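Novice: Can you look at this prediction? I've put the sequence above it.
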6 protein chains.
Amino acid sequence: MSKSPEARHILHSGYFHPALRKLQTPNVEISPHNLMFPIFVGNNEKPIEVKSMPGIVQYGVSNIEECLKPIVNKGLKSILLFAVEYGIPKDERGSYADSPRNPVIQVLPKLRRCFPDIIIACDVCLCPYTNHGHCGIISKDGVINNEASIERIAQVAVAYAKSGAHIVAPSDMMDGRIGAIKKCLIDAGLGNRVSVLSYAAKFASGFYGPFRDVTKSAPLFSDRKCYQLPPGSKGLATRAALRDVTEGCDMLMVKPGLSYLDIVKQTKDTHPEYPLFVYQVSGEYAMLYHAAKAGAIDLRGVLEEILLSMRRAGADCIITYFTPVILDWLQIRSKY
Amino acid sequence: MSKSPEARHILHSGYFHPALRKLQTPNVEISPHNLMFPIFVGNNEKPIEVKSMPGIVQYGVSNIEECLKPIVNKGLKSILLFAVEYGIPKDERGSYADSPRNPVIQVLPKLRRCFPDIIIACDVCLCPYTNHGHCGIISKDGVINNEASIERIAQVAVAYAKSGAHIVAPSDMMDGRIGAIKKCLIDAGLGNRVSVLSYAAKFASGFYGPFRDVTKSAPLFSDRKCYQLPPGSKGLATRAALRDVTEGCDMLMVKPGLSYLDIVKQTKDTHPEYPLFVYQVSGEYAMLYHAAKAGAIDLRGVLEEILLSMRRAGADCIITYFTPVILDWLQIRSKY
Amino acid sequence: MSKSPEARHILHSGYFHPALRKLQTPNVEISPHNLMFPIFVGNNEKPIEVKSMPGIVQYGVSNIEECLKPIVNKGLKSILLFAVEYGIPKDERGSYADSPRNPVIQVLPKLRRCFPDIIIACDVCLCPYTNHGHCGIISKDGVINNEASIERIAQVAVAYAKSGAHIVAPSDMMDGRIGAIKKCLIDAGLGNRVSVLSYAAKFASGFYGPFRDVTKSAPLFSDRKCYQLPPGSKGLATRAALRDVTEGCDMLMVKPGLSYLDIVKQTKDTHPEYPLFVYQVSGEYAMLYHAAKAGAIDLRGVLEEILLSMRRAGADCIITYFTPVILDWLQIRSKY
Amino acid sequence: MSKSPEARHILHSGYFHPALRKLQTPNVEISPHNLMFPIFVGNNEKPIEVKSMPGIVQYGVSNIEECLKPIVNKGLKSILLFAVEYGIPKDERGSYADSPRNPVIQVLPKLRRCFPDIIIACDVCLCPYTNHGHCGIISKDGVINNEASIERIAQVAVAYAKSGAHIVAPSDMMDGRIGAIKKCLIDAGLGNRVSVLSYAAKFASGFYGPFRDVTKSAPLFSDRKCYQLPPGSKGLATRAALRDVTEGCDMLMVKPGLSYLDIVKQTKDTHPEYPLFVYQVSGEYAMLYHAAKAGAIDLRGVLEEILLSMRRAGADCIITYFTPVILDWLQIRSKY
Amino acid sequence: MSKSPEARHILHSGYFHPALRKLQTPNVEISPHNLMFPIFVGNNEKPIEVKSMPGIVQYGVSNIEECLKPIVNKGLKSILLFAVEYGIPKDERGSYADSPRNPVIQVLPKLRRCFPDIIIACDVCLCPYTNHGHCGIISKDGVINNEASIERIAQVAVAYAKSGAHIVAPSDMMDGRIGAIKKCLIDAGLGNRVSVLSYAAKFASGFYGPFRDVTKSAPLFSDRKCYQLPPGSKGLATRAALRDVTEGCDMLMVKPGLSYLDIVKQTKDTHPEYPLFVYQVSGEYAMLYHAAKAGAIDLRGVLEEILLSMRRAGADCIITYFTPVILDWLQIRSKY
Amino acid sequence: MSKSPEARHILHSGYFHPALRKLQTPNVEISPHNLMFPIFVGNNEKPIEVKSMPGIVQYGVSNIEECLKPIVNKGLKSILLFAVEYGIPKDERGSYADSPRNPVIQVLPKLRRCFPDIIIACDVCLCPYTNHGHCGIISKDGVINNEASIERIAQVAVAYAKSGAHIVAPSDMMDGRIGAIKKCLIDAGLGNRVSVLSYAAKFASGFYGPFRDVTKSAPLFSDRKCYQLPPGSKGLATRAALRDVTEGCDMLMVKPGLSYLDIVKQTKDTHPEYPLFVYQVSGEYAMLYHAAKAGAIDLRGVLEEILLSMRRAGADCIITYFTPVILDWLQIRSKY
Ligand SMILES: [Zn+2]
Ligand SMILES: [Zn+2]
Ligand SMILES: [Zn+2]
Ligand SMILES: [Zn+2]
Ligand SMILES: [Zn+2]
Ligand SMILES: [Zn+2]
């Protein structure tokens, strides 16, 4: 063997020019339709800054229109709604979740009217409304009553769907909730015009801290490790995605994003025919924010690298709090 | 279908108890042999704190023994050496890389003698020693001269091997360097007792900032995008790993780690028979450090989640600046 | 071709050092959670040594707490319970299996209270309780009545689950028992908090001799070859695992272990998302014990080699009578 | 779902009769050509019993004909020769390995003449003849000199081939010895009438004890872990088999057998077109012998179960010290 | 490249000796359990020679015991029964198929009693009993009524099972008959002790001539091309095997044998876990008989080559009229 | 489950009509270019009937033109030439094979001139010309001298190529002959206009009897089992095809055809990019001829079934002595 490598071992010839590098990185672009913006909405009269997530604002039913309009003008294509309201009555079964006074239910018709081209997804869960803070209904012996839980969750999902949600996205991780929701949507005559986006592979992660501060949704006792997946388990993630596909979901989600890109790849490789969402969660947001502020990283460079990494791993749509700033950048077209 | 999900759709029954969750997360434990500690060594008489990486220290040839001893006692199994020295003579071909005065060459025999059970890897590159700061030799027209580069890199690798390195780890990303190094090691009679750890999938990432501050290895002109891989290209990463396997490498590496876990999975799935290293780089270190300091994340919880995610994705060994603190934790045995 | 082999044909360079050999053997470590301890429990007031299995003890309901405490302190994580009681009333349907006087049913609440962190599995079978000694219910013409058998086995499984078992493990090898058990657990409201560990690939082996001496469970007439699998049949093992997965089991088992490592590999490769148990049975235990005593092998060296072979083949958890002695060794950390 | 399982979940109907069980276990029969008998041969005038392996005899050049004749009459098809001689001159390069006085070289022409239908394989290694006891030639610095080793091993292999061996079987585990032996056989005009059986996946096992007592082949210093494979490494076993196939071997071997059946399966699945040998080594022999003697197992039942397990895993030929007794059993035809 | 081929291109070294050739042809041996003997049985008082198949005899209920005894003594392991009776009443639904006067139903209890170790399979079809000669029930418009057909065929299968058949083998090729038969067997309490052997890939072949002469089963009008598979269609053969596996069959068959060895391979590769039968049909028998008689081939040499070809292609059991003569040969042990 | 099978289990709907059956059997048509006609040519003045193959004629150099013309007019596209001449001088190296007096060498220019559209292949072997009757050159010790053999065979192949053969087809089964022939063709400037059709998988079959009677090519001593493949060995067939592809052949062949259809499928599946030939040999021809004559089969129906089976298994071109009669049938277009 001479000093010169074998021809097929020469890779530089394939990426020495920016245009070649672009060719070598197919399907990783970020366009507005690859982004979904998670939004906190309450009954607050004025927008409120979220303390644990610098730069993020909680909208109110009365001000959301004017707040969102500039972002929509930048190209916003889809949003994911979370209700945030303090001092509400909580009970065993989370009755407030589908109460007519729930801000999500109030805001849905308005958003549909104001922004007819925006896709609106609603997170579906009981934890902000139950007096114990768990995502399902609890039996007397203190564990999840799965059947009662999915029956209740399906009621809530249908309520949001009736109020105008295009997508209902159950984040509770109860077994069988996709099938139950689908059945109820069909019974309600909404089977063919509401999508179900399954939080199929949602892990019991340490990256949820800031979000829980916002939504006050931490459980009173115990934790969520009996329904959110163990972080090391690619096996359960495989089974959960297959289950939700079998039960009829329309889209799949992996959450959190950054440290689960192998699960993103595994899920996309196994179910290439389903749109795959990745949730860049509150802890990821805050981590990048603070690291950039301390000078450890350049926010734009690193965030763009992470977004394309998510796309490379198989994500079709990224749910991210950075959506407005990315839409800004997109207008100047970044060059990788 | 009744309310109750199909039996095989019930996943909770497989992870409702901590011991069950442990069973569902096989092969993601961190033991000392899953960690490699990257070390900066110079001729400084006293250890020097590294500014851009709080908590990290640059050792000197004269003090490395006493500095490492407590970490070895905690279970340290392997290290990765980088020379850091300021004010050295630089030239076109990086002559100082294998000079007898190079701190790595000086420290190797000492480390072999003091710590006979530690595996010692040496990063092999020209960039700290060339006057232009690139990782290879530059032609008159300003581009990489690949043949001259791999000939020179192989010389340096052999020099480190002769001085006592168990593993030589070329990080330069020139084409064909694995074959060239292997050939020279064989000619030197070291073919069967020095391993080559290939930086096979090293991306042109934004996470290298703090490291470059330490080693002063940023190139004077242009950048490294003609030899480090484009972040979005899983195709080139596939080809690079296959090439290095074909040329005879003993182990593979993916670098950086966190936002490349899909590449880690892809590489392990394709080459399950090769030990796979993942480099948690300086920017990842600094990002976690500052995010924890700002309260956005809990360092231990999140770092453990990331380490097990790397293992889940397929990493056999993680190269991390957090090694000493993880060894501390291991002695108290964390519970995921 | 010169005398020197091709570079990629040199393997020595990848394992010439103990730390390298460790890297080349990923995911084969034994930690406490990789071990499950099978326990015989009766109504005996004092622990009784098991004759056919030197070193193994049969605990009693009244003494199990003090007997297990030291093993729990060494790190014991999970146990598998077998009732052993002589002189009990036996009948056609094995009524004593779920009698309140059955030692397993008596001991379960106590174990849950004393050792809240231990996972408790219960073997489920009829053979110790039927007057004919078969694992199912027998028709008038002397063959297995499969439907009656799985109905009865499901009753027993639910009884153990209600008494506190985390895992029920049917060893009877009747067709369809996993589906029947799952259905009954769901009906009993235990669907999401009791796991079913399927003895999916249990072979009609010659390694069960010593166990049958303990439990007096050999059948009166005929043998178990009509329901335990023929040892040479990888085809039936494939079908049995797929069946049990389809019927909703949470974990799979291969039994015996040593001479079925190809079946372990086949099962793990086909169902990587299911935790895989391997049962090192009584005959394997006794064989190793006596061979070591006769000086043919070194017990620790060979047992460690076998355990890592089981892990290499794909086992997540090994059910072994050697658990206490391995926990001892783990505290001194063996080096392979 | 009714009580009765789904039709395809009923497996009993496929194996309720002995003839059906036979059909379910295809291609696992043992015939004489599936057995190879390892034979120790020295210059002893009378056969000597081997102490560490009760029932095994060391033949002498002068008595081997009369000793083997009854076994040949029972159907013996192939043998594997090992020379055993005490008090011979040993040196750096194992000169005695191919000396005209070596008992293997002396006995080959005789065996070819007496038993023309028997296939004769010769183990090829240096360890019984080197004064340091290693399987290759040692450099001054105490490590294997791979190039010198494979040159010498090839000389020995050709010497055995010229003396009449049909198969040469290098057990040394040096890198590149298959290619070197093949080249020398071709140069000697024997390329198309001598087979090379590669000990491709030979592990550094604890099951070799009794054999080393016979052949006095334990190394003086260090061990063989730098060339025999680490027991946990399926990756290196994969690479070793592929390497030996690429270098031109005619058959492959896995050694030891019992606790490596997953490696047997992996090797056969990857290289179905190569005859696969499995070596049931001395420690396996002694373990079964002593366990049976102590009453822990029934020798015939368990040995037959192990042999069919080896065949089920993919073995075409089993090298076993039990060959004569199995040939006895074959004449009465066992029924599994 | 020199004149001498690359080492791995030398194949002769792997098969220059008869014992090596045996090793290169693993798992193709013929033992008695690899053979099933198809038997014609009627009410004839004496055995009758079958004209179109020289050497083949039609037994009678009263003489079958003495006729079969010598073949059983030679090692016969399994038989496949066909009723042949002339002058019986035929009708639309083939009522005579399960009449108590049908010779198969009469002979079954006798055979079970006389030859308890023989496995007895019964061909299940309507064509010998319908007045139109088709294998199913015909609608008024002259085409197959599939639902009525499989209901009737399942009745017949259960009748044979109740009379003592171990295996029922539907040859009719109606869609869904396996599921229908399985369901009826389960309802009859025979689900786990009667096997269903599916004629899964039965082609509309020209090799059935002599058989139809025996059984007088040619259809009166039209042909069987609407239910037997088109000879060129590997796609339909793939789907038929998968269907029958899904419906719960215990074994699969390909018919005819010789010119469908690619289908045999395809079926075994896809369903390795199911015993595979190949039917060497009457035309193959007669062709070999006459070609040998004319001196074109040597019967024994060519028949043995064909049998091993069937085994090589994947057959576990060969249904052949040559069974008695092969059993003779087996006693002298042929050498390929 | 109702009586009616699942929709996807209904296959009849896909083939109830002749046009549908045609659709279900793609790529199995026989057109003239799928047939190659093997031709015996000598120096006989008149055509001579071949005794052992009724209906087959041996042509002479002087009469071949008029004999072939009618077959060419029916559509003949390709032929395979074998020389047959009695009383020629034979020697050690088969000198007559490429003598200017060899009828193949004489007839080639004539055929090229007379039938410019016909593809002409020449069988290349030494056995008709050596005094020992083997296909290669024999060493003094009576075994094949492989290097001398392939050197000689390559000379003969070049001689035929220079005389006008489009394809040279070595049937000798020496190791490495494809590489040797290719090298010599390239050296002779014919590398890009002569194809090499490798008899890659030629088995030592019992179907060659009639051919040997024609060509008088049976060996004087021993047999061809050391170079023709053992009939049961799919492994060696795999390796032989891969070897010949690696050495540069243009097309592959399997021989004989009928009982090797699984090998045809295996070869085509592995090398789909190489045209695959199947040789329906003399024994197959004679067997079909005599079986038809005796009334056991209908020649046309069965032969068409066999031809489409060969095509279904993967054959692109069938070498058959029935070529002229099939060309006749093709003109009337058979309907399957
Ligand atoms: Zn929730
Ligand atoms: Zn560099
Ligand atoms: Zn039992
Ligand atoms: Zn050795
Ligand atoms: Zn029919
Ligand atoms: Zn020839």
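Specialist: Received it, and whenever you're ready, just let me know what you need. Please read these numbers as outputs of a predicted model, since none were measured by experiment. Ligands and ions are numbered 1, 2, ... in the order given.
Novice: Could I get the phi/psi values of the residue nearest to the spatial centre of chain A?
Specialist: The residue lying closest to the centre of chain A (C-alpha atoms, centre = their mean) is A:Tyr279, at 4.2 Å. Main-chain dihedrals, A:Tyr279, degrees, to the nearest 10: phi -100, psi 110.
Novice: those helices in chain A, which residues are they?
Specialist: In chain A, helices defined by DSSP state H lie at A:18-23, A:64-73, A:103-114, A:146-163, A:177-187, A:209-215, A:234-247, A:261-270, A:282-293, A:299-313, A:323-332, listed in chain order.
Novice: looking at the ones you listed, which is closest to chain E?
Specialist: When the helices of chain A are compared by C-beta to the nearest C-beta, helix A:234-247 sits nearest chain E, at 16.8 Å. (Glycine included, C-beta is placed from N, CA and C.)
Novice: now check the closest one, is it near chain D?
Specialist: No: using C-beta under 8 Å from any C-beta of the partner chain, helix A:234-247 never reaches chain D; the gap is at least 15.9 Å.
Novice: any idea of the mean pLDDT in that helix?
Specialist: Mean pLDDT, computed over helix A:234-247, is 95.
Novice: Give me the distance from that helix to the chain's centre.
Specialist: In terms of C-alpha atoms, centre = their mean, to the nearest Å, the centre of helix A:234-247 is found 18 Å from the chain centre.
Novice: buried sites along it?
Specialist: A:234-245, A:247 (16 or more other C-beta atoms under 10 Å in any protein chain shown).
Novice: repeat for stretch A:110-129
Specialist: In stretch A:110-129, counting by 16+ other C-beta under 10 Å, buried: A:111, A:115, A:118-129.
Novice: give the contact list for A:Leu307.
Specialist: A:Ile30, A:Ile318, A:Thr320, A:Ile326 (C-beta atoms under 8 Å, 6 or more residues apart in numbering or on different chains).
Novice: how close does it sit to B:Ala237?
Specialist: 18 Å (C-beta to C-beta, to the nearest Å).
Novice: hang on, the earlier thing: ligand 6 is nearest to which of the helices of chain A?
Specialist: helix A:261-270 (51.2 Å; C-beta to the ion).
Novice: quick one: which of the buried residues of stretch A:110-129 is nearest to A:Glu147?
Specialist: Closest to A:Glu147 out of those is A:Leu126 (14.2 Å), distances taken as C-beta to C-beta.
Novice: Got the phi and psi for that closest one?
Specialist: phi -100, psi -20.
Novice: Run through the buried residues of stretch A:110-129 and flag the ones next to chain F.
Specialist: Okay, of those, nothing touches chain F (C-beta under 8 Å from any C-beta).
Novice: what about A:Gln106, neighbour count?
Specialist: For A:Gln106, the count of nearby residues is 17 (other C-beta atoms under 10 Å in any protein chain shown).
Novice: Relative to F:Ala188, which of the helices of chain A is closest?
Specialist: Using C-beta to C-beta, the nearest of the helices of chain A to F:Ala188 is helix A:18-23, at 43.2 Å.
Novice: Look at A:Arg333 and report its pLDDT.
Specialist: With respect to pLDDT, A:Arg333 scores 62.
Novice: Wait, A:Ile263 touches A:Ala200, no?
Specialist: No: between A:Ile263 and A:Ala200 no contact is recorded; they are 9.8 Å apart, counting by C-beta atoms under 8 Å.
Novice: between these two, what contacts are shared?
Specialist: Contacts common to A:Ile263 and A:Ala200, judged by C-beta under 8 Å, 6+ apart, are A:Ala237, A:Val254.
Novice: still on that earlier bit, so which two of the contacts of A:Leu307 are the farthest from each other?
Specialist: Top of the distance list for the contacts of A:Leu307 (C-beta to C-beta): A:Ile30 and A:Thr320, 9.9 Å.
Novice: who's more crowded, the two?
Specialist: Neighbour count, other C-beta under 10 Å: between A:Ile30 and A:Thr320, A:Thr320 has more, with 26 against 20.
Novice: any idea where the strands of the stretch 1-150 of chain A begin and end?
Specialist: Listed in chain order, the strands of the stretch 1-150 of chain A (DSSP state E, counting those that start in this stretch) span A:35-42, A:48-49, A:57-60, A:78-83, A:119-124.
Novice: Now the residue of chain A found nearest ligand 2: closest residue in space, sequence neighbours ignored.
Specialist: Proximity of chain A to ligand 2 (C-beta to the ion) peaks at A:His12, 14.6 Å away. Closest residue in space to A:His12, ignoring its immediate chain neighbours: B:Asp175 at 5.4 Å, by C-beta to C-beta, 6 or more residues apart in numbering or on different chains.
Novice: Low-confidence ranges, chain A, go.
Specialist: A:1-3, A:333-336 (pLDDT under 70).
Novice: Tell me which residue in it sits closest to ligand 5.
Specialist: Closest approach between chain A and ligand 5, counting by C-beta to the ion: A:Thr246, at 39.1 Å.
Novice: Check the gap between that residue and B:His9 for me.
Specialist: In terms of C-beta to C-beta, A:Thr246 sits 7 Å off from B:His9.
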